[in-house]
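>>> return a 3D structure for these sequence lines:
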Amino acid sequence: MEELDVRGWFVLTGLIVGLLYGVIAQSTAFCVRRGISDLAEGKGSATLTAWLGALLIALPMTQWMLLDGHLDGSQTVYFPESLSWWTTLMGAGIFGAGMMLTRGCPARLVVLSGSGNLRAWFGLFVIGLSAYATFKGLMAETRVQWQQTGALQLPTESILLLVPSLAWVAIAGVTGVIGVFAFRHGLNRHLVGGLLVGLLVAGSWSITSVLGADDFDPMAPVSLSFVAPIGEAMTYLQLASGLEPTFNVTLILGVLVGACLSSMVRGEFQWQTFASASDHARYFLGAMMMGVGGIFALGCNTGQAITGLATGSLWSVLVTLVIFMSGYVMHRRLLQSN
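Got it, this is the predicted structure:
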């Protein structure tokens with residue numbers, strides 16, 4: 001049996017992480033967007049504990065890896081030397097509104113697709129197409145030009161580690177606050193899902209950091225994110241003969257398979273489609289907004305609001321705030337219009 005090289009191990013890791021995420025997210029109904037929409041509807045913060053639970057695990061573990069040198073933050077996308085403030089926050093705002101139009105963020109749509117939801121499949125195709133058109137396709141040159149304006153320099157390390165002597169105090173304090181709010185409603189289904197997702201985020205950072213530290217074929221560490229990976233997976237599906245699979249490609253495949261298996265075992269697999277043309281149009285607009293916005297914002301509800309926040313990036317803090325605020329406002333407007 002041929003021994004796997006570094007890239008092969010990355011591909012296998014992405015598949016395993018994806019399978020686990022698919023099973024966890026499907027069985028626990030893990031969804032960050034649901035927490036925001038429930039707040040907008042006045043239903044309380046019980047479902048938001050899924051997001052808090054993920055941070056409760058991912059943040060201290062990732063900070064420990066950064067502090068120990070196990071994870072090199074400079075190799076991630078979350079600590080750029082400078083970044084256009086207006087395009088990044090604009091992207092976050094567009095993404096937040098888009099996820100409310102489609103009633104699901106990219107991660108949730110992948111899970112729903114594996115469970116037989118044809119609306120979600122349509123959303124995935126639009127997200128992937130618009131994301132890669134913005135990232136490497138027709139809109140790439142315009143994106144680059146825009147991102148060269150309004151450059152802003154923020155700390156290129158975790159804001160919790162800016163004062164080394166107080167690092168563990170800051171980490172413990174923030175984790176404690178998150179824990180208080182996370183367990184406010186007890187150990188519910190959403191919180192359990194979040195805790196397990198947090199383990200996957202931190203575990204992905206740890207494993208890929210070790211695997212990527214190869215003298216002959218070094219690779220940057222990666223963790224959970226879904227906007228660009230959906231586009232990358234679609235591109236690989238069409239051009240596999242000329243491309244090599246990556247962590248991101250097998251991550252998406254793993255989530256689809258994991259969610260499908262979980263939904264079948266639980267008796268929840270069900271074919272679903274659009275109820276009307278207006279519903280179809282709303283999904284198209286929302287998915288396109290998430291694809292474009294997610295590329296400008298360097299991530300989504302998972303890539304920024306969990307994985308990015310776990311690194312302590314100030315950019316991730318700002319993007320997460322804008323995504324949540326935009327989503328909240330958009331959902332309130334949808335409620336009023338209905």
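>>> burial count for residue 249?
24 (other Cβ atoms under 10 Å). Every C-beta, even on glycine, is put in place using the N, C-alpha and C of the backbone.
>>> hang on, I meant residue 144
Residue 144 has 9 neighbours, counted by other Cβ under 10 Å.
>>> what pLDDT does it get?
Residue 144 is assigned a pLDDT of 95 by the prediction.
>>> name the helix or strand for it, please.
Residue 144 belongs to helix 140-147 when assigned by DSSP states H and E.
>>> give me the residues contacting stretch 64-78.
62, 79, 156-158, 161, 167-168, 171, 202, 205-206, 209, 212, 220-221, 298-299, 308, 311-313, 315-316 (Cβ atoms under 8 Å, 6 or more residues apart in numbering).
>>> strands of the stretch 101-250 of the chain, start to end?
Secondary structure of the stretch 101-250 of the chain by DSSP state E, counting those that start in this stretch: the strands cover 151-152.
>>> out of the contacts of stretch 64-78, which end up buried?
Buried members of the contacts of stretch 64-78, counted by 16 or more other Cβ atoms under 10 Å: 62, 79, 158, 161, 167, 171, 202, 205-206, 209, 212, 221, 298-299, 308, 311-313, 315-316.
>>> contacts only, for the residue nearest to the spatial centre of the chain.
In the chain, the C-alpha closest to the average C-alpha coordinate belongs to residue 302, at a distance of 2.2 Å (Cα atoms, centre = their mean). Residue 302 is in contact with 32, 105-107, 224-226, counting by Cβ under 8 Å, 6+ apart.
>>> do that again at 7 Å, thanks
Applying Cβ atoms under 7 Å, 6 or more residues apart in numbering, we find residue 302 in contact with 107, 224-226.
>>> neighbours of the residue nearest to it when sequence neighbours are not counted, how many?
Counting by Cβ to Cβ, 6 or more residues apart in numbering, residue 107 is the residue found nearest to residue 302 once chain neighbours are left out, at 4.7 Å. Look at residue 107: counted by other Cβ under 10 Å, it has 30 neighbours.
>>> how near is residue 107 to residue 82?
Distance, residue 107 to residue 82, using Cβ to Cβ, to the nearest Å: 28 Å.
>>> what do you get for residue 62?
Applying Cβ to Cβ to residue 62 and residue 82 gives a distance of 23 Å.
>>> if we can go back for a sec, show me how far the helix holding residue 144 is from its chain's centre.
23 Å (Cα atoms, centre = their mean, to the nearest Å).
>>> hang on, isn't residue 256 packed against residue 112?
No. Using Cβ atoms under 7 Å, residue 256 makes no contact with residue 112, being 10.2 Å away.
>>> tell me which residues touch residue 90, please.
residue 296 are the contacts of residue 90 under Cβ under 7 Å, 6+ apart.
>>> pLDDT below threshold where in the protein?
1-2 (pLDDT under 70).
>>> if we can go back for a sec, identify the residues contacting the residue nearest to residue 302.
Contacts of residue 107 (Cβ under 7 Å, 6+ apart): 25, 226, 300-302.
>>> of residue 256 and residue 112, which one has the most company?
residue 112 (24 against 21).
>>> setting aside sequence neighbours, what's the nearest residue to the more buried one?
residue 120 (3.7 Å).
>>> how many neighbours does that neighbour have?
Counted with other Cβ under 10 Å, residue 120 comes out at 25.
>>> please report how far it lies from residue 194.
On the measure of Cβ to Cβ, residue 120 and residue 194 end up 21 Å apart.
>>> from residue 88, how far off is residue 94?
11 Å.
>>> make that residue 104, sorry
23 Å.
>>> ok, now residue 166?
28 Å.
>>> before we move on, what about residue 322?
Here the distance between residue 322 and residue 88 works out to 9 Å (Cβ to Cβ).
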